[in-house]
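Asks: Give me a model of this one.
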Amino acid sequence: MKKVTRVTSLLLSAALVAGSMAGCGSSSSGAKTADGKANLNILVYMQDHEKKVYTKLINEFKKTHASEVGNINFQVTTQDEYNTKMTAAMTSKKLPDIFYVGPDSVRSYVDNGYVMPLDDLIAKNKDVKIDDLWPTIIKSYRYDGSKTGQGKLYALPKDLSTFAYAYNKDMFDKAGIAYPDPNKPYTYQEFLKVCQKLTKDTNGDGKTDQWGASFADSFMLNPFIYGNGAHYLTDDYSKVDIVGQKAFKDALQFYCDLTTKYKVTPTVQEDSAVGPYQRWLAGQVGFYGCGTWDVGAFMDKKTLPFNWNLCAWPVGDSGKTTTWLGTVGYAISSKCQSPDIALQLISYLSTNLNGQKEVSGATGEESIQLPNIMSYAKGDFKNAVKAGKVKYPSNVDVMFNYIGSENNYKGIFTETTYTYNSDWFNTFTDGLTDVKSGKKTVDQYITEIQPKMQKDLDKAIALQNKNKKSSSK
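Replies: Residues are numbered from 1 along each chain as shown. Model (predicted):
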């Protein structure tokens, strides 16, 4: 399951159309029992294994807090159904007591009055400890009314994720190529040379059927852009800034040249016939992106019948291999009638060591996520991976290096995190096939697409300002 879901724009827009946006406020559906115990309603989306683990944790919490908790209604749905249910909850002004919020949605939920700040609740509850959670992830849930990344805290992380690179070890072995060194990421040119050696016609029919890499643009373009020290927006996130930016143009040119000039990836037409992900699963490409959410599936030989490991994304002139981070967090409704016990519950789900061991694969069936607890992740968990006690790629440090921005690795939240929605970025990637198919040059494309992106960004800024005015009434 991808943890960097981008549901906020459509979800909140739908609620706005329905006329349910704050200043109207919202009412939580939870209420106390006759004897004063808290009833809590939770709405989330999860995989089946996650649901089993978290149901167990919630039952444990309920048992240890029997004097305070009446009933916990734990609703688990699919990601698509979650959006529908949350829109309905906003429309009816009956939000669950606890629900998911991502870094990209914090400002929208705060501006619309849907979530409460957690700082004061944490300060008066000694059992809630967040000091050992990854600082980068905690920071992503802060908002000061103008900028995310600072100010009050509005959620605790359910998980954290990063999007590393993976390679097919069997393909490297067959080609006689040394494995990528995670301590020395490929330069663009080194990456190209390896991809050229891996790209082949394996059955002699005159058609390429094995490639160095394959790309899903929405996920895999940004490591090239950010890894070359480029960006999409100005520092205040108010203007699109791709035209005339050499680092951006060079990164995009190289990315597209891998398809059009060097032909080390499938063509646009070939990708349409068989998607990049399917080609990776079939062992047809040497490199592919690997999110933390993919590891469990990739470690299953029925899903991925070849040997593989993690490596760094190639690095451009920035000098640091760079990729994006993701997370989804537990927020508490601003109208929750039992915020103190709700905080204790989300803290238990976010920071409980036994729970983190299960979802990370140390004691559970498979690794669904990396541990939220930093000392455990970099200590006992990593040692267990190295010892083969946890089903995880041996180069797990690649993940930790990105999350901690360590050892010349860099993990960032993309610029869509700091804008009200991602429409401007979607506009850019939606038309990128024109360049990858050779219909347009990079210069032509960025010149014509920038004003369209700016139009989308202006709409997002206007929506943000409108919602802030409404919430202040």
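
Asks: Please make it C-alpha for all contacts and neighbour counts, starting now.
Replies: OK.

Asks: Not counting residues beside it along the chain, what's closest to Ala164?
Replies: Cys290 (5.2 Å; Cα to Cα, 6 or more residues apart in numbering).

Asks: Next, that neighbour: secondary structure please.
Replies: What DSSP: H, G, I helix; E, B strand; the rest coil gives for Cys290 is strand.

Asks: if I pick Thr187, what's in contact with it?
Replies: With contact set as Cα atoms under 8 Å, 6 or more residues apart in numbering, Thr187 has these partners: 314-316.

Asks: how about the strands in this protein?
Replies: For the chain, the strands defined by DSSP state E cover 27-28, 38-45, 69-77, 94-95, 98-101, 142-143, 152-153, 156-168, 211-213, 285-291, 308-311, 321-332, 409-412.

Asks: Can you add distance to Ile461, mean pLDDT and mean neighbour count and give these back as TSV?
Replies: Shown next, in TSV, are these (distance: least, Cα to Cα, whole Å; pLDDT from 0 to 100; neighbours: other Cα atoms under 10 Å):
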stretch	distance to Ile461	mean pLDDT	mean neighbour count
strand 27-28	27	49	20
strand 38-45	28	96	22
strand 69-77	31	95	17
strand 94-95	25	92	24
strand 98-101	20	97	24
strand 142-143	16	96	22
strand 152-153	21	98	20
strand 156-168	26	96	24
strand 211-213	37	99	26
strand 285-291	30	97	25
strand 308-311	37	98	24
strand 321-332	23	96	27
strand 409-412	22	96	23
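
Asks: How far does the top helix by length along the chain sit from its chain's centre?
Replies: Looking across the chain with DSSP state H, the single longest helix is helix 442-471. When distances are taken as Cα atoms, centre = their mean, to the nearest Å, helix 442-471 is centred 22 Å away from the chain's centroid.

Asks: Show me what that helix is packed up against.
Replies: helix 106-111, helix 246-260, helix 423-430 (3 or more Cα pairs under 8 Å, 6 or more residues apart in numbering; DSSP states H and E).

Asks: mind listing what's buried in that helix?
Replies: 442, 445-446, 449-450, 453-454, 456-461, 463-464, 467-468, 470-471 (16 or more other Cα atoms under 10 Å).

Asks: what does stretch 115-126 give?
Replies: The neighbour-count check on stretch 115-126 (16+ other Cα under 10 Å) flags 115-118, 121-122 as buried.

Asks: burial count for the residue lying closest to Gln196 once chain neighbours are set aside?
Replies: The spatial neighbour of Gln196 that comes closest, neighbours along the chain excluded (Cα to Cα, 6+ apart), is Val264 at 6.0 Å. Using other Cα atoms under 10 Å, Val264 has 27 other residues around it.

Asks: Val264 reaches Ala213, doesn't it?
Replies: Yes. Under the criterion of Cα atoms under 8 Å, Val264 makes contact with Ala213 at 6.5 Å.

Asks: Which residues are in contact with each of these two?
Replies: By Cα under 8 Å, 6+ apart, Val264 and Ala213 have these common neighbours: Cys195.

Asks: Now do the helices for the stretch 51-200 of the chain: every range, in order, please.
Replies: Using DSSP state H, counting those that start in this stretch, the helices found in the stretch 51-200 of the chain span residues 79-92, 106-111, 119-123, 135-139, 169-175, 188-198.

Asks: Quote the end-to-end distance of stretch 202-214.
Replies: 17 Å (Cα to Cα, to the nearest Å).

Asks: In the sheet, which residues pair with the residue nearest to Gly289 when sequence neighbours are not counted? Tell me.
Replies: Distances taken as Cα to Cα, 6+ apart put Tyr165 closest to Gly289, at 4.5 Å, once the chain neighbours are dropped. Counting by DSSP bridges, Tyr165 is bridged to Gly289, Cys311.

Asks: Double-check Tyr165 against Ala312; I have them as touching.
Replies: Yes. Assessed by Cα under 8 Å, Tyr165 is found in contact with Ala312 at 5.6 Å.

Asks: Next, count neighbours for the nearest residue to Asp217 once chain neighbours are set aside.
Replies: Sequence neighbours aside, Thr429 is the residue nearest to Asp217 in space, at 6.6 Å (criterion: Cα to Cα, 6+ apart). Thr429 is flanked by 15 other residues according to other Cα under 10 Å.

Asks: Next: the one 3 residues further on.
Replies: When neighbours are counted by other Cα under 10 Å, Leu432 registers 20.

Asks: Let me see the contact set for it.
Replies: With Cα under 8 Å, 6+ apart, Leu432 has these contacts: Tyr445.

Asks: got it, and the one 10 residues further on?
Replies: Residues counted as contacts of Val442 (Cα under 8 Å, 6+ apart) are 249, 252-253, 435.

Asks: so where is the stretch 1-150 of the chain shaky, pLDDT-wise?
Replies: 1-31, 34 (pLDDT under 70).

Asks: and which of the contacts of Val442 is nearest to Gly388?
Replies: Leu252 (38.9 Å; Cα to Cα).

Asks: give me every residue that touches the closest one.
Replies: Contacts of Leu252 by Cα under 8 Å, 6+ apart are 224-225, 442.

Asks: again, only this time at 7 Å
Replies: Ile225 (Cα atoms under 7 Å, 6 or more residues apart in numbering).

Asks: Any figure for the gap between it and Leu192?
Replies: The separation that Leu252 has from Leu192, given Cα to Cα, amounts to 14 Å.

Asks: Repeat that for Asp434.
Replies: Going from Asp434 to Leu192 by Cα to Cα gives 22 Å.

Asks: Please say which of those two ends up with more neighbours.
Replies: Leu192 (19 against 14).

Asks: Next one, pLDDT for the residue nearest to the more buried one when sequence neighbours are not counted please.
Replies: Nearest residue to Leu192, sequence neighbours excluded (Cα to Cα, 6+ apart): Leu258, at 7.6 Å. Leu258 is assigned 98 on the pLDDT scale.

Asks: my guess is Leu258 contacts Val268, does it?
Replies: No. Using Cα atoms under 7 Å, Leu258 makes no contact with Val268, being 11.8 Å away.

Asks: These two: which has the busier surroundings?
Replies: Leu258 (21 against 17).

Asks: Could you report the distance from that one to Tyr167?
Replies: 17 Å.

Asks: Kindly report the same for Leu353.
Replies: 31 Å.

Asks: Then Gly361?
Replies: 22 Å.

Asks: Could you do Ala88 as well?
Replies: When distance is defined by Cα to Cα, Ala88 is 42 Å away from Tyr167.

Asks: what do you get for Val315?
Replies: 16 Å.

Asks: how far out from the middle of the chain is stretch 384-404?
Replies: For stretch 384-404, the distance to the chain centre is 18 Å (Cα atoms, centre = their mean).

Asks: So which residues make contact with that stretch?
Replies: 162, 164, 182, 295, 299, 309-312, 325, 361-362, 366, 407, 409-411.

Asks: Enumerate the positions of it that are buried.
Replies: Burial within stretch 384-404, assessed by neighbour count using 16+ other Cα under 10 Å, is assigned to 384-386, 390-404.

Asks: ok, Gly229 - contacts?
Replies: 247, 317-318.

Asks: how close does Thr199 get to Leu252?
Replies: In terms of Cα to Cα, Thr199 sits 21 Å off from Leu252.
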